[in-house]
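[1] next comes the sequence, and after it the predicted model I'd like to discuss.
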Amino acid sequence: MITVSNPILPGFHPDPSILRVGDTYYIANSTFEWYPGVEIHRSKDLASWEQLPSPLSEKRLLDMLGNPASGGIWAPCLSYSDGLFYLVFTNVQSWNSGPWKDAPNYLTTAPSIEGPWSDPVFLNASGFDASLFHDDDGRKWLVNMEWDYRKTNVAWQFTGILLQEYDCKEKKLVGKVKNIFTGTAIKLVEGPHLYKKNDWYYLLTAEGGTQYEHAATLARSKTIDGPYEVHPTNPLLTSYGRTDLYLQKAGHASWCDTPNGKTYLAFLCGRPLPGTKHCVLGRETALTELEWHSDGWPYVKYADLNGTDKPRSVFGESIPNFPGASFAPPEPLAELPKPYSVLKNYRFDTNSIDRDFKTLRTAPDTEFYSLNARKGFLRLRGGQSPVSRFKQTLLARRQLDFSFASETYMEFEPKSFHELAGLSWRYDENNQYLLALSYDEQKGRVLSVHSMIAGVYSRTDDTALSKDGGIWLGLTVHGTTGRFRYSLDGNVWNTLRPVLDAAVLSDEYYQEGFTGAFIGMFCIDTANYAAHADFKCFMYTPLTEELQ
């Protein structure tokens, strides 16, 4: 029996756009302010996924300097036609300052999923979550949600899904714009994808916002510009109203067919820490199979007995490379959160930084991120403060597990309180924790824990170090709490106060955001942008204890 656990892409992997080309499947995910832009994974069997180079990895393709937290890349759409991969993406430059949103949409193409990607073409900025549909008559159509700043209630600012033709030769949108679908009573219609099957156009959208009322809504029409009728048991998929489900927040989806005619739906979900509403790992990607009924509509296969639209924690029958698989669906809460990743020991004696690591808003400048300045070490040169939206020096990777341990070995000789380096456990500029080695005029080298919680800064008393030289820094997280620690010899560890609240690093804390927790290394020099810290290694170890 072959079964696959959801989510298939754990940790911060929201807004999946799934695509099949030949015998290969691809999923593209939003990355928001994290660089490079758009995460892409590849699979042959829908069960195991390989991370590929991110497509938007050059400044000519993407520049997010100054973008707000949870701005940047929203809901990319990956498609294929005419021997080219097409990637449509939104680079959101403002979204939470009054009624306005600046959300320009772009298109780039490549002959291979690994590039090279063409210079982006500007499409429009009338709304976000743009998607390109390739019709069987050769015409191409862009759909995106429309944002109306004039409305006084956010639920009504999502005014529908716009349709406009795209001309490949002219590289621009042409013809009239038409609002083809204003959504349902769930409201907040966004995330559109168009499909064609058996002479029907199917419009799959997200509704309900991206929290616990999230849903995937489906409508269809005989003509591309409507009118669209809504699925008879809409929504197609949601977790709303079922607090017992392992996968919450189900919505924002896309689908693709297998070579043997099966249909799989990739969808966004979240897993709250047990006993809480906080999804510290962010919004993740899961899969489920759809089955087509005689009425011409798809339904979630092996749906929950109490409803046809509920997501399940596993899927398995009809996985393409396992045609003889059998599947008996378990109860939705047959398991507790468990490790989804493996121990990773990153060394910096290589020629390139592992693609697990991300930077903020822009590509890592070799003057500030260097593997060549000192052999066997990653050298980080001090950048701006941890609340800057421009030039922070931070290298971090996703938190993939509810419980984990992380360590790094660092050599750093600060000469001023302006100079800090160490470990960062962060959500965004307003919600983060830092274990920082710095300098005090009386005590010399000191360690302290810095916290930004809902935008309010605090710092613990300095801990003076007894000797110079390298230092081990660590973080251990057990579900809802974390503790920083340090060691001067790599053997004897000292745990620092305070106990850190993991909930701070979630979408649900303080104000709405759209990312998830990251852990990584940083260096700050608020005086001269010149001090440097050397890191020899970085380790991430999932912990296996169950959370009660």
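    Okay, I see it. Numbering: from 1, shown residues only.
[2] is it correct that residue 192 is in contact with residue 205?
    Yes. Using Cβ atoms under 8 Å, residue 192 is in contact with residue 205, at 4.9 Å. Heads up, the C-betas are built off the backbone N, CA and C, glycines and all.
[3] the two: which has the busier surroundings?
    A direct count of neighbours by other Cβ atoms under 10 Å for residue 192 and residue 205 places residue 205 higher, at 33 against 29.
[4] this structure: helices as residue ranges?
    In the chain, helices defined by DSSP state H lie at 154-157, listed in chain order.
[5] how does it divide into domains?
    12-237, 344-542 (automatic domain parsing).
[6] any chance of these in CSV, with mean pLDDT and distance to residue 262 too?
    Formatted as CSV, those follow (pLDDT from 0 to 100; distance: least, Cβ to Cβ, whole Å):
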stretch, mean pLDDT, distance to residue 262
domain 12-237, 97, 10
domain 344-542, 97, 28
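[7] of the ones you listed, which is nearest residue 315?
    domain 12-237 (8.4 Å; Cβ to Cβ).
[8] picking that back up, what would the domains of the chain look like in CSV with distance to residue 296?
    Formatted as CSV, the domains of the chain follow (distance: least, Cβ to Cβ, whole Å):
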stretch, distance to residue 296
domain 12-237, 6
domain 344-542, 34
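[9] which residues does residue 517 contact?
    Residues in contact with residue 517 (Cβ atoms under 8 Å, 6 or more residues apart in numbering) are 12, 280-282, 398-399, 425-427, 502, 505-506.
[10] any idea how far residue 85 is from it?
    31 Å (Cβ to Cβ, to the nearest Å).
[11] can I have the buried ones of the contacts of residue 517 as a ChimeraX selection?
    A single ChimeraX command selects the buried members of those (16 or more other Cβ atoms under 10 Å):
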select :12,280,281,282,398,399,425,426,427,502,505,506
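[12] nearest to residue 230 among the contacts of residue 517?
    Scanning those for proximity to residue 230, where the rule is Cβ to Cβ, the winner is residue 282, at 29.7 Å.
[13] strands of the stretch 101-250 of the chain, start to end?
    Assigned by DSSP state E, counting those that start in this stretch, the strands in the stretch 101-250 of the chain fall at 105-110, 121-124, 131-134, 140-147, 158-167, 172-181, 190-197, 200-207, 215-221, 229-230, 237-238, 248-257.
[14] among these, which comes closest to residue 97?
    Closest among the strands of the stretch 101-250 of the chain, once you apply Cβ to Cβ, is strand 140-147, at 13.4 Å.
[15] pull the CA atoms of the closest one into PDB?
    What follows is strand 140-147, C-alpha atoms only, in PDB (Å, rounded to 0.1, in the frame of the first residue of the first chain):
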ATOM      1  CA  LYS A 140      -3.700  33.200 -24.500                       C
ATOM      2  CA  TRP A 141      -5.600  34.800 -21.700                       C
ATOM      3  CA  LEU A 142      -4.600  36.500 -18.500                       C
ATOM      4  CA  VAL A 143      -6.800  36.400 -15.400                       C
ATOM      5  CA  ASN A 144      -6.200  38.300 -12.200                       C
ATOM      6  CA  MET A 145      -8.300  39.500  -9.300                       C
ATOM      7  CA  GLU A 146      -9.300  43.100  -9.300                       C
ATOM      8  CA  TRP A 147      -8.600  45.400  -6.300                       C
END
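[16] sheet partners, orientation included, of it?
    strand 131-134 (antiparallel), strand 158-167 (antiparallel) (DSSP bridges).
[17] can you give me the end-to-end distance of stretch 414-433?
    Stretch 414-433 stretches 20 Å from its first residue to its last (Cα to Cα, to the nearest Å).
[18] now that stretch, how far from the centre of its chain.
    Remark: stretch 414-433 is offset 22 Å from the chain centroid, using Cα atoms, centre = their mean, to the nearest Å.
[19] for stretch 53-65, same thing?
    With Cα atoms, centre = their mean, you get 16 Å for stretch 53-65.
[20] mind listing what the residue in the chain sticking out farthest from the centre touches?
    Using Cα atoms, centre = their mean, the residue of the chain lying farthest from its centre is residue 442. It sits 43.4 Å away. By Cβ under 8 Å, 6+ apart, the contact list for residue 442 is empty.
[21] what do you get if the cut-off is 10 Å, keeping everything else the same?
    Counting by Cβ atoms under 10 Å, 6 or more residues apart in numbering, residue 442 makes contact with 462, 464.
[22] kindly report the same for residue 95.
    Per Cβ under 10 Å, 6+ apart, neighbours of residue 95: 67-72, 74, 101-103, 128, 147, 514.
[23] switch the cut-off to 7 Å
    68, 71, 101 (Cβ atoms under 7 Å, 6 or more residues apart in numbering).
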